[in-house]
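Asks: requesting a structural model of the entry that follows:
(one chain, ligands or ions: 1)
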Amino acid sequence: MNSNQDIFKKIVSHSKEYGFIFQSSEIYDGLSAVYDYAQNGVELKNNIKKYWWASMVQMNDNIVGLDSAILMHPKTWKASGHVDAFNDPLIDNKDSKLRYRADVLIEDYIAKIESKIQKEINKAQKRFGDSFDEIQFRKTNQRVLDNQKKIDNTIEQMKKCFQEDDLLALKKLIDELGIADPVSGSRNWTDIKQFNLMFSTKVGASSDSSSEIYLRPETAQGIFVNFLNVQKSSRKKIPFGIAQIGKAFRNEIIARQFIFRMREFEQMEMQFFVKPGTQSEWYKKWKETRMNWHKSLGISEENYRFHDHDKLAHYADAACDIEYKFPFGFKELEGIHSRTNFDLTQHESHSGKKLKYFDPEDNKSYVPYVVETSIGLDRMFLAILSSSFFEEKLENDSIRTVLKIPPFLAPFKAAILPLVKKDGLSEFAKKLYDNLKIHYNISYDEKDAVGRRYRRQDAIGTPLCITVDHDSLNDNMITIRDRDTMKQKRVKIKDLKSEIDKLVNISNWLSKS
Ligand code: GAP
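Replies: Presented below is the predicted three-dimensional model:
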């Protein structure tokens, strides 16, 4: 097992042990790809939502919020294309009986060649030291050139298969590349079949097919069908946006990697309605704005990159992902899509209702174009958990596990710890706790030695531990310990709130986003 997989395993078990995430229905052996957020997880998740909402809605006077229903009229999904085209191309291995997404098998093949190139680069870098020029090396080293050509050809062929909707050619490509089942090594594949990812259910008592409805596979359609309602009641002028946070459901076949790919998950989406012809300018702007939002969290910038789509969804004229370097590699965290006027035009024609905007500046009506930003809340949660998980060796050779979560997102902002329970320290500390809990989510802990209590708070990412000792009773001062540096300082109780505020106030981050 390589060390990244090892870390990922540790993160998964830490999430359970410290009350962040539990498997759904665990006592019945769990429900695959469905998870529950536990006492600390729900706090972190809510804080991520709050930050996204504040930076999208509160900070932008041309974006308003919405909370639309999960269940929608079934015609919505016919209009949006999800009934006909929201499919995964699946392939089965006849020997192992395992099922895979055909495009993922090819992408994994490409990733393997990419890592061969990276190995060559690392080797050369070691050999040439500071004088190493990577660009020149990529242009001249024959092995790198050959491998790069393989990658480019494969991408080109895969793109063509998807553009022409040619599943037979896609299967042929898998055979030609000699792609084997990653588990069994077998190359005995079935043909590729499309599989619709929407969950369906029935409305009311009737069981005929006309009562069939779907659990929404994206929150976006609730925004599209409400576009004119919101525009008219808010009197917003184009360009303006509608933001929403909510559950989405997909019958993912290959559900794996913990909360990365789930069947029930949450999205934070924003559709930005613009004048036709201006969409590429807004697409660029939102790409940049969203990347800055990620960077504002202070997570290492090397962990993020853009990935432009080769295979465009049926509704898009440009699309990219913001990828995050999860412990299992760079993967999609957020999508930014220029969705043209596809959705609104489709809803106009399927509903028979006009969804045009009257532009008072141009004195004409049109169906707006849409640029959307769509981030998976659970993936953002996993990104934060992965970037903040550290095992540090201390001076006494013991290991401390600490979550260095950005302080304003941490489940608890501070913990109050009386050094001992007796001598009036508990009472004093509880008073402090009562005063602070009006402002922040604060933890109170008086069990065990103070060192063990520090470790417990480190493990759930509490940025500050506030210790009340015997001197506190006389000098009205307490000791603050910083989670990341473990440094301690003595502070007057009257200055405590502003000390906490300095570290955890959301406005410090919003001003950077
Ligand atoms: N409205 C556009 C849309 O839904 P998407 O790329 O399919 O686009 C957007 O999904 C985001 O939702 C993804 O970037 C990802 O973060 C999240 N997401 C998608 N499927 C998911 C799943 N099965 N489990 C967890 N998150 C998922």
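Asks: just the closest residue of the stretch 351-500 of the chain to the ligand, please.
Replies: Proximity of the stretch 351-500 of the chain to the ligand (Cβ to the nearest ligand atom) peaks at residue 376, 2.4 Å away. Heads up, the C-betas are built off the backbone N, CA and C, glycines and all.
Asks: and for that residue, the neighbour number?
Replies: Neighbourhood size, residue 376 [other Cβ atoms under 10 Å]: 23.
Asks: please apply the same query to residue 157.
Replies: 16.
Asks: what's in contact with the lowest-mean-pLDDT helix or strand in the chain?
Replies: Taking mean pLDDT, DSSP states H and E as the measure, the chain has helix 506-510 as its least confident helix or strand, at a mean of 86. With contact meaning Cβ atoms under 8 Å, 6 or more residues apart in numbering, helix 506-510 is reached by 50, 51, 54, 55, 58, 59, 296, 297, 406, 408, 502.
Asks: dump those residues into CSV; add pLDDT, neighbour count and secondary structure as well.
Replies: CSV is the format used below for the contacts of helix 506-510 (pLDDT from 0 to 100; neighbours: other Cβ atoms under 10 Å; DSSP: H, G, I helix; E, B strand; the rest coil):
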residue, pLDDT, neighbour count, secondary structure
50, 97, 15, helix
51, 97, 22, helix
54, 97, 15, helix
55, 96, 22, helix
58, 96, 13, helix
59, 96, 12, coil
296, 93, 17, coil
297, 93, 19, coil
406, 96, 20, coil
408, 96, 20, helix
502, 92, 10, helix
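Asks: switch those residues over to CSV; also include distance to the ligand.
Replies: Formatted as CSV, the contacts of helix 506-510 follow (distance: Cβ to the nearest ligand atom, whole Å):
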residue, distance to the ligand
50, 18
51, 16
54, 20
55, 17
58, 22
59, 21
296, 18
297, 16
406, 19
408, 22
502, 32
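Asks: let's have the residues you listed in CSV, adding distance to residue 472.
Replies: Compiled in CSV, the contacts of helix 506-510 are given as follows (distance: Cβ to Cβ, whole Å):
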residue, distance to residue 472
50, 32
51, 33
54, 35
55, 38
58, 38
59, 39
296, 36
297, 34
406, 29
408, 27
502, 21
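Asks: which residues of this structure lie near the ligand?
Replies: Residues of the chain lying near the ligand by Cβ under 6 Å from any ligand atom: 218, 220, 250, 252, 261-262, 265, 267, 269, 332-335, 372, 374-376, 378-379.
Asks: if we go to 8 Å?
Replies: By Cβ under 8 Å from any ligand atom, the residues of the chain that approach the ligand are 33, 217-220, 248, 250, 252, 255, 259-263, 265-267, 269, 313, 321, 332-335, 337, 372, 374-380.
Asks: mark which of these are buried, thanks.
Replies: When the residues of the chain next to the ligand are checked for burial by 16 or more other Cβ atoms under 10 Å, the buried set is 33, 217-220, 248, 250, 252, 259-263, 265-267, 269, 321, 332-335, 337, 372, 374-380.
Asks: sketch out the low-pLDDT regions of the stretch 1-150 of the chain for me.
Replies: Residue ranges of the stretch 1-150 of the chain with pLDDT under 70: 1-2.
Asks: mind checking the SS state of the residue in it that the ligand sits nearest to?
Replies: Residue of the stretch 1-150 of the chain nearest the ligand, by Cβ to the nearest ligand atom: residue 33 (7.5 Å). Using DSSP: H, G, I helix; E, B strand; the rest coil, the structure places residue 33 in coil.
Asks: same question, residue 405
Replies: What three-state DSSP gives for residue 405 is coil.
Asks: and the pLDDT at the closest residue to it other than its chain neighbours?
Replies: Sequence neighbours aside, residue 461 is the residue nearest to residue 405 in space, at 3.8 Å (criterion: Cβ to Cβ, 6 or more residues apart in numbering). pLDDT for residue 461: 98.
Asks: show me what contacts residue 461?
Replies: Contacts of residue 461 by Cβ under 8 Å, 6+ apart are 44, 388, 402, 403, 404, 405, 410, 411, 483.
Asks: what sits against the last one?
Replies: If I follow you right, that is residue 483. Counting by Cβ under 8 Å, 6+ apart, residue 483 makes contact with 402, 404, 457, 458, 461, 462, 463, 464, 465.
Asks: what sits closest to the fourth one if chain neighbours are left out?
Replies: Same thing as residue 458. residue 402 (4.1 Å).
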